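**Q** I'd like to go over a predicted model; first the sequence, then the structure.
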Amino acid sequence: MYLDIFEELVEILHKDYAGCLDKKGCDKPDLYCEKIKEIQKQKKMLDSDFVGIVRDYLLDFKDLHISFNYADKSKQSNKDVGFAVRRYKDTLYVVSNEKENRVKPGDAITALNDKSVPELVKVHSRQLMNAKAERENWNSILPLYDSIQLTNASGGCTTLELKEYEKDLFKGKYSLNELTRDTLLLTLTDFMDHNAISDLISKNEQLLTTHKNLIIDVRINKGGSDLAYFDLLPYLFEGEEINLNSFDEGTTMLTNCTTRNVELRIKLLKQAFSSIEDAATLSHINNLIKSLEENKNKGFVEIDFTGDDNSFLLKTKSGPEKVILLTDVYCGSSGDSFVETCKHSSKVTVVGRPTLGLNDYANVAVMGWENKFELWYPTSKLSVVDEGKGMNGIGIQPDIYIPWTPNHFEEDIDLKKALELLA
């Protein structure tokens with residue numbers, strides 16, 4: 001069973017995956033086939049063995065939109081060490097401690113299981129996927145170790161045995177607050193709840209139209225749907241109307257319309273119907289389904305899912321004179337798209353660090369096997385990838401770059417810079 005699933009998974013990545021042409025030869029499927037066979041010879045293979053092998057294989061594609069999980073969410077790992085870190089030079093710094101109260105933000109970690117941070121960077125280079133320390137993600141690496149060497153703010157050193165904690169389910173935060181008489185702060189941690197974001201914007205229309213300045217914090221934004229932020233855009237641009245399609249001039253999105261991709265994408269789109277109330281959004285989805293069906297088995301094609309040349313014309317509204325966007329590597333997918341779109345506005349200045357940069361390959365399909373496993377993989381790509389201008393591993397660049405350092409524990413340097421610019 002496992003070998004059959006793996007071979008079909010490889011076929012999908014070689015034929016259906018949006019990066020199948022660009023990343024041809026990047027993987028070594030034969031090596032992993034042999035690993036599966038070897039384990040099956042030695043013992044009865046467990047589902048966990050298989051998931052580990054597949055996930056290791058997928059690292060060669062260097063695409064964070066590809067993932068392999070248990071279909072049953074209750075079997076998916078819900079454990080972590082209770083805190084998160086970020087690397088600066090040869091040290092890991094605790095940046096949050098949701099569960100683990102033995103550490104605090106600002107505490108320094110110099111080793112895991114007696115391995116120094118530079119050693120760990122070499123060992124886990126495939127998982128970290130980045131040459132820049134501030135862009136590395138250590139979340140999946142910390143649970144692999146038993147202990148840490150910790151130095152707290154007062155200089156005390158200790159060795160702590162790591163514990164396992166239940167991860168809390170992510171809860172989106174959408175808030176709009178008045179920072180000063182002239183300045184609002186809008187925080188959007190994702191674009192998953194279209195209705196909640198639309199309600200927030202509509203209920204605060206008076207604030208948005210009467211305040212001179214707006215700071216939008218998307219330093220943590222886990223993405224979702226681009227359509228979820230459309231109601232905000234009219235306040236961020238000047239002129240009578242904005243044509244969102246004009247921002248993509250010279251760039252097209254090519255969808256790999258294999259039979260498998262079309263069927264899987266349509267299945268997901270139809271499942272989304274029940275959770276969407278907005279008529280315009282439902283119309284976009286229906287047009288996309290129609291276009292996918294018309295282009296089934298035609299290879300890479302540009303999909304027209306608007307059904308109307310004017311569908312992305314937005315009437316602008318009276319809004320803030322100046323807008324500052326705070327960004328970081330924890331902003332990806334639709335977060336990338338939002339930042340990229342806003343950069344076309346003369347009112348917007350982007351401050352912070354480059355976003356995650358997930359959108360070279362997007363529009364994910366889900367392939368399942370025996371109600372046990374699921375492969376999530378992108379089915380479309382941006383044409384700029386062929387020109388060597390993709391965002392993978394680079395992200396959307398800020399107008400004003402502020403490197404992350406431990407000084408961020410002392411004060412919110414990004415927000416301070418935003419207020420200076422507005423003043």
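**A** That came through, no problem.

**Q** how about the nearest residue to Val218, chain neighbours excluded?
**A** Cys331 (4.9 Å; Cβ to Cβ, 6 or more residues apart in numbering). All C-beta atoms are positioned from the backbone trio N, CA, C, and that covers glycine.

**Q** just give the number of residues close to the one you found.
**A** 32 (other Cβ atoms under 10 Å).

**Q** any regions of the stretch 151-300 of the chain where pLDDT drops low?
**A** Residues of the stretch 151-300 of the chain meeting the criterion pLDDT under 70: 246, 248-250, 278.

**Q** helices along that one, start to end?
**A** In the stretch 151-300 of the chain, the helices defined using DSSP state H, counting those that start in this stretch lie at 194-203, 205-210, 259-272, 279-294.

**Q** distance to Asp182 and mean neighbour count for those helices - can I get that in CSV?
**A** Formatted as CSV, the helices of the stretch 151-300 of the chain follow (distance: least, Cβ to Cβ, whole Å; neighbours: other Cβ atoms under 10 Å):
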stretch, distance to Asp182, mean neighbour count
helix 194-203, 20, 16
helix 205-210, 10, 14
helix 259-272, 39, 16
helix 279-294, 33, 16
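
**Q** of these, which is nearest Val54?
**A** helix 259-272 (18.1 Å; Cβ to Cβ).

**Q** quick one: that closest one to helix 279-294, angle?
**A** On the basis of axes from the mean of the first three to the mean of the last three Cα atoms, to 10 degrees, helix 259-272 is oriented at 160 degrees to helix 279-294.

**Q** CA atoms only: put helix 259-272 into CSV for me.
**A** Taking Å, rounded to 0.1, in the frame of the first residue of the first chain, the C-alpha atoms of helix 259-272 are listed here in CSV:
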residue,chain,number,x,y,z
THR,A,259,-7.7,16.1,-15.5
ARG,A,260,-6.7,15.4,-11.9
ASN,A,261,-6.1,19.1,-11.0
VAL,A,262,-9.4,20.3,-12.5
GLU,A,263,-11.4,17.6,-10.7
LEU,A,264,-9.7,18.2,-7.3
ARG,A,265,-9.9,22.0,-7.6
ILE,A,266,-13.6,22.0,-8.5
LYS,A,267,-14.3,19.7,-5.5
LEU,A,268,-12.6,22.2,-3.1
LEU,A,269,-14.4,25.1,-4.7
LYS,A,270,-17.8,23.5,-4.3
GLN,A,271,-17.1,22.7,-0.7
ALA,A,272,-16.4,26.5,-0.1
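
**Q** hmm, who's touching it?
**A** With contact meaning Cβ atoms under 8 Å, 6 or more residues apart in numbering, helix 259-272 is reached by 12, 16, 255, 285, 288-289, 292-293, 295-297, 363-367, 379.

**Q** again, only this time at 7 Å
**A** 16, 285, 288-289, 292-293, 296-297, 363, 365-367, 379 (Cβ atoms under 7 Å, 6 or more residues apart in numbering).

**Q** any idea how far it is from the middle of the chain?
**A** 21 Å (Cα atoms, centre = their mean, to the nearest Å).

**Q** could you do stretch 266-277 as well?
**A** Worked out by Cα atoms, centre = their mean, stretch 266-277 lies 21 Å from the chain centre.

**Q** that stretch: end-to-end distance?
**A** 19 Å (Cα to Cα, to the nearest Å).

**Q** and Ile216, what does it touch?
**A** Counting by Cβ under 7 Å, 6+ apart, the residues that Ile216 touches are Leu186, Leu188, Val323, Leu325, Leu326.

**Q** closest to Val348 out of those?
**A** Closest to Val348, out of all of those and judged by Cβ to Cβ, is Val323, at 4.6 Å.

**Q** so which bits of the helix or strand containing Glu374 are buried?
**A** Using DSSP states H and E, Glu374 sits in strand 373-382. Neighbour counts over strand 373-382 (16 or more other Cβ atoms under 10 Å) mark Phe373, Glu374, Leu375, Tyr377, Pro378, Thr379, Ser380, Lys381, Leu382 as buried.
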